[in-house]
Every structure is written in structure tokens, then in C-alpha cells.
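*Asks:* Pasted the sequence and its predicted model underneath.
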Amino acid sequence: MTKVDLCIIGAGPAAMAAALAARKEGVQDILLLERGGKPGGILNQCIHNGFGLHYFKEELTGPEYARRFEDKIREENIPIKTDTMVLDISTERVVTAVNSTDGVMQIQTGAIVLAMGCRERTRGALNILGSRPSGILTAGAAQLFVNIDGRMPGKEVVILGSGDIGLIMARRMTLEGAKVKMVCELMPYSGGLQRNIVQCLEDFDIPLRLSHTVIQIHGQTRLEGVTVAQVDENLKPIPDTAEYVPCDTLLLSVGLIPENELSTRAGITMDAVTGGPQVNEAMETSIPGVFACGNVVHVHDLVDFVTLESERAGRGAARFLQGKKSNSSEPIQTKTGAGVRYIVPQTLDLANADSEIQLFFRVRDVYKKTKLQILADGQVIKTVPKPHVAPGEMESLTLKKSWIPQGCKELTLALEAGV
């Protein structure tokens with residue numbers, strides 16, 4: 001069994017940001033384990049621009065953003081084992097992994113950061129009538145084919161789901177000569193960023209059909225078309241609205257799932273809404289010394305926010321290793337109020353928190369000209385104007401520790417009632 005102070009599972013943007021933050025705090029013995037062939041994660045196939053506007057204050061492509069962190073990792077001589085699959089983590093912080101060079105490895109660690117990212121929902125998660133012809137794939141798989149392999153998956157395309165990857169692929173397929181017939185979204189609002197709706201759909205006259213879904217797939221060996229229908233307020237198809245749309249490709253952009261098989265097997269307390277681990281203000285999970293960050297905790301819109309969150313995890317792991325974590329009283333629980341779907345982190349330990357604490361949250365619906373209320377044990381301590389919030393865009397709040405009264409047990413975020 002080998003030993004390292006800090007083992008980080010993954011080598012995508014979250015993992016590299018956590019590693020660099022821990023090194024900056026003085027942790028020298030760091031190892032990254034990456035199941036892919038090179039660092040960078042999903043950013044390697046995201047050749048469009050729009051990355052880095054918040055963190056670097058400039059516009060970069062996905063590979064450019066990843067390369068900046070990869071270069072820093074190499075400058076700091078932080079080792080990365082690629083093509084390495086992590087099989088298990090234990091409550092004693094033992095990591096079991098395997099690759100073709102070292103075989104099966106067991107690594108005793110002082111701390112662990114989970115940064116495995118997320119995966120796409122596939123057709124298997126959907127109840128759509130029809131056979132299983134070729135031409136049905138996730139938007140991320142299509143992105144890999146087009147951007148990395150240089151191959152077009154089809155010529156006439158329907159996209160189900162208006163997540164950011166689906167919106168971006170609508171534009172990408174159009175630029176490569178395909179005809180994108182429409183983007184269908186089950187909900188009455190888009191699941192993607194507003195800027196992507198404008199730049200990827202409206203700029204190319206691609207229709208976005210809200211409250212619509214695919215109810216049947218046609219074709220045997222190759223997809224020949226789909227039947228699209230409007231849905232009612234209960235998300236049930238309205239039969240009279242069914243419409244046949246000929247196409248040879250159906251791209252699915254129907255949500256992302258945090259990669260948490262390792263977390264679940266380790267016995268980490270999970271959040272039923274986000275699908276990721278419950279964490280505190282330092283991104284520490286329910287197992288002491290095991291931290292988590294990025295899309296493995298909750299799905300982000302912007303990699304810039306992934307970086308900021310992951311740096312917090314790296315600093316938290318460093319403080320744990322250095323014995324700087326204080327013994328504290330009962331942690332404060334963050335609670336969702338009216339209009340708020342989830343909050344990360346789920347607990348706050350004021351004895352170990354910085355003077356400012358970053359909260360991320362998503363709302364349940366589209367709200368305009370509303371106000372976010374911050375309540376401590378049911379009493380409003382702060383109100384923040386929110387001109388426009390939507391489920392497709394993650395919100396952040398900088399919470400000052402000085403706002404929270406002593407003895408607080410629950411901190412609730414809620415949108416002003418009736419808006």
C-alpha cells in the first residue's frame with residue numbers, strides 16, 4: 001500500500017482547481033487519478049467559446065480553459081495517473097484503483113477530494129415508444145463525434161431537451177451543414193442559459209418548442225422520424241397535438257447525473273435533489289477528510305463556478321490535513337423555502353467558515369421582479385432583489401458570517417411569496 005497526503009479522483013477542471021488550491025495552502029504530496037487518457041475532462045470536446053468570463057475575465061474555449069490549469073499542474077509537478085479507474089474508497093480513506101501499468105493499487109490517504117463529474121441521461125431513462133434504430137444518441141456523444149472524431153451523426157436532426165449541451169449542439173450541427181428541425185422541451189421553460197438560447201437557437205432560426213416532447217420513435221435499422229406532441233400542465237402528452245417529424249437523428253439533452261457510485265458505496269450522505277453528496281462550507285462530506293466538488297456535487301452551468309467551488313474544496317482538504325479544523329458546535333442546516341429547489345452547501349460550520357460564505361442554489365420556476373429572503377430560524381435577516389431567476393441558471397449568494405445570529409440552527413433561502 002502506497003501513501004499520499006491528498007488523493008483527488010478525477011483530473012477535470014474541478015480536480016485540477018482543487019489540487020492547485022491545496023498546493024497553494026502548502027500540501028506537497030498530491031496525486032490525481034483520472035480514468036480518461038488525458039486531463040481536462042469534458043472540456044476537451046467543448047471547442048465553443050464562452051468559458052472563463054467570470055474566472056479569467058476573458059472568453060476562452062473549453063480546451064483553452066482546461067489547458068491553463070493543466071499547465072499549472074505541470075509547473076507544480078503534481079502527478080496525474082491517467083487511464084486509471086478508481087474501484088472503491090473506504091471510510092478509512094483508502095483508495096483502491098487499477099490501471100494497466102500498476103495493476104491494482106491501494107492508496108492510504110490523509111484526505112480525498114471527489115471530482116468525478118457527471119454523465120448524461122440516455123434513452124434508457126425515458127419511456128418513448130418505438131424500436132431501437134441507430135441515430136439516437138446523447139448530445140454529448142454527438143459533440144464527441146463531431147468535435148473530436150470529425151464525424152457527423154446525421155443530416156436531419158431533432159433535439160429533445162433544452163439543456164446547454166443540446167442548445168450548443170443545435171448550433172454546431174447547423175454550422176456543419178445539418179438541418180436542425182426543432183428543439184423540444186418538456187417543461188414550459190428552457191433548461192439552458194439565456195445566452196445559449198439566443199446564440200444557438202434564435203440566431204439560427206431554430207424553433208424551440210416549450211411544453212413539447214417526443215412520444216414515439218419511427219424506424220427499424222435507422223431512425224426515420226419522431227412523433228412530437230404538446231404536454232399539459234401535468235406533463236402528459238395531448239393526443240390531438242401529435243405531429244410526425246421526419247429526421248435521421250435524435251439528440252437527447254435530458255439532464256445530467258452526478259457520478260456518485262463511489263460516494264454511495266462509501267456510505268456518504270447524499271442529497272435526494274442534487275444527486276450528489278451533502279457537503280459543508282468547506283465542501284467536506286459526511287465522512288471526515290473526504291471532500292467533493294464540481295458536477296459530482298451538483299450540476300453547474302459554468303465551469304467558472306466549478307473552479308471557485310473546487311478551490312474551496314482544496315483549501316478545506318489542506319486545512320484538514322494541517323489540523324486547522326476547529327471543534328465546533330452543532331452545524332447550521334441550510335433549508336429551501338418558497339421557490340427554491342436546492343442549496344449547496346447543506347450545512348454551515350461557523351467556527352471553521354470564512355467571513356464570507358458562497359451559497360449556490362436553483363429555483364423551481366421562472367420568477368421576475370422577486371426578492372430572495374434569507375431567514376435565520378424563521379426570522380428575515382436579509383433581503384436581496386432578484387429581477388429574474390430561472391431553473392436553467394444556477395444562482396449564487398455571498399453570505400456574510402456577520403449576518404447570522406449566534407445560536408442559529410437553520411438558515412432558509414426563500415423567494416418572496418406571491419411573486
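*Replies:* Nice, I can see it.

*Asks:* ok, the most far-flung residue of the chain relative to its centre to residue 231 distance?
*Replies:* Centroid-distance maximum for the chain: residue 240 at 36.7 Å, with Cα atoms, centre = their mean. Using Cβ to Cβ, to the nearest Å, residue 240 is found at 12 Å from residue 231. The way it works is simple: take the backbone N, C-alpha and C, and place the C-beta from them, glycine included.

*Asks:* now residue 81
*Replies:* According to Cβ to Cβ, residue 81 and residue 231 sit 47 Å apart.

*Asks:* cool, residue 387 as well?
*Replies:* Applying Cβ to Cβ to residue 387 and residue 231 gives a distance of 29 Å.

*Asks:* Who has more neighbours out of these two?
*Replies:* Shown here are residue 387 and residue 231; by other Cβ atoms under 10 Å, residue 231 has more neighbours (20 against 9).

*Asks:* In contact with the more buried one, which residues are there?
*Replies:* Applying Cβ atoms under 8 Å, 6 or more residues apart in numbering to residue 231 gives the contacts 186, 211-213, 237-238.

*Asks:* Now, those that are in strands?
*Replies:* Applying DSSP state E to these, the entries found in strands are 212-213.

*Asks:* Make JSON lines from the contacts of residue 231 and add distance to residue 88 and neighbour count to it.
*Replies:* Formatted as JSON lines, these follow (distance: Cβ to Cβ, whole Å; neighbours: other Cβ atoms under 10 Å):
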{"residue": "186", "distance to residue 88": "37", "neighbour count": "18"}
{"residue": "211", "distance to residue 88": "44", "neighbour count": "18"}
{"residue": "212", "distance to residue 88": "43", "neighbour count": "23"}
{"residue": "213", "distance to residue 88": "39", "neighbour count": "23"}
{"residue": "237", "distance to residue 88": "43", "neighbour count": "19"}
{"residue": "238", "distance to residue 88": "48", "neighbour count": "12"}
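
*Asks:* ok, the contacts of residue 231 vs residue 350, which is closest?
*Replies:* Of all those, residue 350 sits closest to residue 186, with 40.7 Å by Cβ to Cβ.

*Asks:* Would you mind naming the helix or strand containing the most centrally placed residue in the chain?
*Replies:* Residue closest to the average C-alpha location in the chain (Cα atoms, centre = their mean): residue 299, at 2.1 Å. Taking DSSP states H and E as the definition, one finds residue 299 inside no helix or strand.

*Asks:* Show the contacting residues for the residue lying closest to it once chain neighbours are set aside.
*Replies:* Spatial nearest neighbour of residue 299, chain neighbours left out: residue 256 (4.7 Å); criterion: Cβ to Cβ, 6 or more residues apart in numbering. The contact partners of residue 256, by Cβ under 8 Å, 6+ apart, come to 118-121, 163, 295, 299.

*Asks:* Specify the beta-bridge partners of residue 256.
*Replies:* residue 120 (DSSP bridges).

*Asks:* Please apply the same query to residue 362.
*Replies:* Beta-bridge partners for residue 362, by DSSP bridges, are residue 342.

*Asks:* That one touches residue 394, doesn't it?
*Replies:* Yes: applying Cβ atoms under 8 Å, one finds residue 362 in contact with residue 394, separated by 5.7 Å.

*Asks:* Would you mind confirming that residue 116 is in contact with residue 259?
*Replies:* Yes: between residue 116 and residue 259 a contact is recorded at 4.0 Å, counting by Cβ under 8 Å.

*Asks:* So which of these two has more stuff around it?
*Replies:* Neighbours were counted for residue 116 and for residue 259 using other Cβ under 10 Å; residue 116 has more, 25 against 20.

*Asks:* On the pLDDT front, check the more buried one for me.
*Replies:* Residue 116 carries a pLDDT value of 97.

*Asks:* Tell me which helix or strand residue 70 sits in.
*Replies:* Element membership for residue 70, per DSSP H and E: helix 62-75.

*Asks:* Kindly report the same for residue 96.
*Replies:* Under the criterion of DSSP H and E, residue 96 resides in strand 94-99.

*Asks:* just to revisit the earlier point, most neighbours, which of the contacts of residue 256?
*Replies:* Neighbour tally across the contacts of residue 256 (other Cβ under 10 Å): the maximum, 28 neighbours, falls on residue 163.
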